[in-house]
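**Q** here's my sequence, what's the structure:
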Amino acid sequence: MSVRESARGAARTTFASLANPNYRKYVAGQGISLVGTWMQSIAQSWLVLVLTHSATDIGLVVALQTLPTLILGPYAGVVADRVNKRRFMIILQSAMGLQAAVLAIVTFAHAATFADVGLLAVILGVNNAFENPIRQTFVLEMVGPDDLRNAVSLNSTMVNVARAFGPAVAGVLIASVGEAWCFALNALSFIAVVTSLVVMDQSTLHRAPPSPRAKGQLREGLSYVRRTPELAVPLVMMALVGTLAYEFQVTMPVLAERVFHHNSVGFGELTSAMGIGAILGGLVTAARGSTGIRALQRGAFLFALAMGAAAMMRSMTLEIVAFVAVGYASVAFLSTANSTLQLAADPMMRGRVMALWAVAFLGSTPIGGPLIGWVTNVTSARWGVGVGALSCLAAVGLSMLVRPSAPRSTSSS
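**A** Numbering: from 1, shown residues only. Here you go, the predicted structure:
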């Protein structure tokens, strides 16, 4: 086999799910929207830092944005198992665009206060609580079970392509024309993803049968996860890592400003570096990724090493290199957890399982965000990152105690 044929074969394996026309449309629309989402995320954290000069307040806003997922997430999973996912996503994505537009207006008017940002963060969080499990399970409806792991990994890659580009643009815009333009461009970006959902070919979707309305469905979902170790162990690991390791919105702006003495452009550079690493991690996972508890343990250990390195670097250049490794490890762990849960879950329970995944990953932030913000304030941003590294090691150890003889992971070569 020639080198060219080998390269073509590798490309077909890596990008297999893009052969699906509906998924191609979704990736195009969502990719544009995610650039705007990352721009808003960076601008929001920087705006709070400008308004309050407090890492704790950044953590508080992140907590307010994710608290609805903690409270409403399990019920949102019940909703996800009942509704037409494509139709509901159109509504929810449109609402997210409206929230960004309101934030842009108050910032353009120089009227934004910490209370305004907090209130709009709560509104966005309510929307996200319902959108997350629906979006996660809608990927399976678009591509089917055979291409699910590949699609999840490519979706993570797409998120991080946006992470590599969006923050860099946001840093320049914030420094030159202000945060409001980031919010405005994000509002416009939702037109792309809504359009991609509207023009999809509904006849080719792999729709799971909707769960009928019945009493006790939330309790039924929790009980199902509790008695299924293949679901419970990854969720516990994700909760621990999600609470303390994925708090980069809190630690990174403080690292840039107080440790390395850079402005918003430096913040954007760190976030972009993480995004570049995540792109590499997503592509490798898409081509050769594994699922299962052992794969998650390996991913969490790699994540711990990368974050430990990032906590100790002494120059901005080395920190950027370290955050490339952090990005690689973070997306590998996240994609493995997502695919493991979706493939192990019963189709009638998948929405509820993925809602618990959202609670573990995002809903844990109301606890982790303020906690890491407090650690960062009273010590330094280095310790904020270091605590995340320790949480990854704790997740590996706990998973071994809970289930010391986990089955072999599955992989594709």
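**Q** tell me the buried residues in the helix or strand Pro133 falls within?
**A** If you go by DSSP states H and E, Pro133 is part of helix 114-143. For helix 114-143, a neighbour-count test (16 or more other C-beta atoms under 10 Å) marks 116-118, 120-121, 123-143 as buried. Just so you know, the C-beta spots here come from the backbone N, C-alpha and C atoms, and that holds for glycine as well.
**Q** quick one: the helices in the stretch 101-250 of the chain?
**A** According to DSSP state H, counting those that start in this stretch, the stretch 101-250 of the chain carries its helices in the segments 114-143, 148-176, 180-198, 217-226, 229-244, 248-254.
**Q** ok and the host helix or strand of Ile58 relative to helix 217-226, angle-wise?
**A** Per DSSP H and E: Ile58 is located in helix 55-82. On the basis of axes from the mean of the first three to the mean of the last three C-alpha atoms, to 10 degrees, helix 55-82 is oriented at 100 degrees to helix 217-226.
**Q** pLDDT of helix 55-82, averaged?
**A** In this model, helix 55-82 has a mean pLDDT of 86.
**Q** burial of Pro74, as a residue count?
**A** Other residues near Pro74 number 22, with proximity taken as other C-beta atoms under 10 Å.
**Q** my guess is it contacts Leu218. True?
**A** Yes. In terms of C-beta atoms under 8 Å, Pro74 counts as a neighbour of Leu218; the distance is 5.6 Å.
**Q** follow-up on the earlier one: next one: the helix holding Ile58 to chain centre, how far?
**A** 13 Å (C-alpha atoms, centre = their mean, to the nearest Å).
**Q** which helices and strands does that helix pack with?
**A** helix 21-52, helix 114-143, helix 217-226, helix 248-254, helix 350-358, helix 365-378 (3 or more C-beta pairs under 8 Å, 6 or more residues apart in numbering; DSSP states H and E).
**Q** the shortest one packs against which elements?
**A** Based on contacts counted as 3+ C-beta pairs under 8 Å, 6+ apart, the elements that helix 248-254 packs against are helix 21-52, helix 55-82, helix 264-288, helix 365-378, helix 381-402.
**Q** what's stretch 138-150 in contact with?
**A** 13-17, 20, 22-23, 26, 85-86, 89, 151-152, 155, 205-208, 286, 289, 291, 335, 339, 342-343, 350, 412 (C-beta atoms under 8 Å, 6 or more residues apart in numbering).
**Q** go again with 6 Å.
**A** 16-17, 20, 22-23, 85, 151, 205-207, 286, 289, 339, 342 (C-beta atoms under 6 Å, 6 or more residues apart in numbering).
**Q** endpoints of that stretch, how far apart?
**A** 14 Å (C-alpha to C-alpha, to the nearest Å).
**Q** can you check stretch 256-268 too?
**A** Distance between the two ends of stretch 256-268: 9 Å, counting by C-alpha to C-alpha.
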